[in-house]
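Participant: Next one to model:
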Amino acid sequence: MIGMLRGTVWEIQSERLIIDVHGTGYLLTVPQGLLAKAYPGLELVVYTHVVMREDDLSLYGFSSLEEKQLFLQMLGVTGIGPKAAISLLSTFGAVQIESAIASENLNLLTKVPGIGKKTAQRLILELKEKFKGSNFGSFSIEGRSLSEPSSLALSEAYQTLLALGFGIDESKQVLSQVLKDGGDLTTEIQVKKALRLLAGG
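Facilitator: Prediction:
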């Protein structure tokens, strides 16, 4: 079983990466957050999981052990296959998925392509106890907590940055900077401004 790979990005495809490890190219299906950060020549450590079926042998890659563990937990839920689990991780990232399951947020989970109401209900039913009481990285900016309803747009912007593969600390810092100017910014505008700052613009 292949549990981890350390190598260089050789090629980027629509949902997959080829990682060169000492001359052998491993084709991995990865979440969009990891894909968005990758470029040819980048050295990566990727946590992996092999899915074996009668007609398929696929390798999945993740940027962290937490992401891989969540993927495996979701695979254990009836009706959730690798494609649906990757779609969830690509849309929201590990932190927001765990938070949505713990808070039984059906509306958020069903925003993911291929995840219907019944599938979302099974995710909540089978996994919610695993995530209740966890710290999902909430924080305050200018005295406002992300758990407050009035800060929902900010929370979504923060989770979007996490889903794109940015770290918790850098996401907090850049959103603090974005909000210094004040104003009622939509999630889309917050994310666009944050990405410009993260790119050094």
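
Participant: Okay, strands next: where are they in the protein?
Facilitator: 4-12, 16-21, 24-29, 43-53, 56-62, 140-141, 144-145 (DSSP state E).

Participant: The closest residue to Q32 other than its chain neighbours: how many residues sit nearby?
Facilitator: Using Cβ to Cβ, 6 or more residues apart in numbering and skipping the chain neighbours, the partner closest in space to Q32 is S90 (3.9 Å). Where C-beta positions appear, they are placed from N, C-alpha and C, glycine not excepted. Counted by other Cβ atoms under 10 Å, the residues lying close to S90 total 20.

Participant: What is the helix ranked longest in the chain packed up against?
Facilitator: For the chain, the helix reaching the highest residue count under DSSP state H is reported as helix 117-131. Using 3 or more Cβ pairs under 8 Å, 6 or more residues apart in numbering; DSSP states H and E as the contact test, the elements touching helix 117-131 are helix 65-75, helix 94-102, helix 106-109.

Participant: which residues touch the longest one?
Facilitator: I take that to be helix 65-75. Counting by Cβ atoms under 8 Å, 6 or more residues apart in numbering, helix 65-75 makes contact with 31, 47-49, 60, 62, 80-82, 84-86, 88-89, 93-94, 97-98, 123, 127, 130, all of which sit outside it.

Participant: Make a markdown table from the helices and strands packed on helix 117-131 and add mean neighbour count to it.
Facilitator: Rendered in a markdown table, the data for the helices and strands packed on helix 117-131 read as follows (neighbours: other Cβ atoms under 10 Å):
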| stretch | mean neighbour count |
| --- | --- |
| helix 65-75 | 18 |
| helix 94-102 | 23 |
| helix 106-109 | 17 |
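
Participant: Go through those and name the closest to A199.
Facilitator: Comparison of those against A199 by Cβ to Cβ identifies helix 94-102 as nearest, at 22.2 Å.
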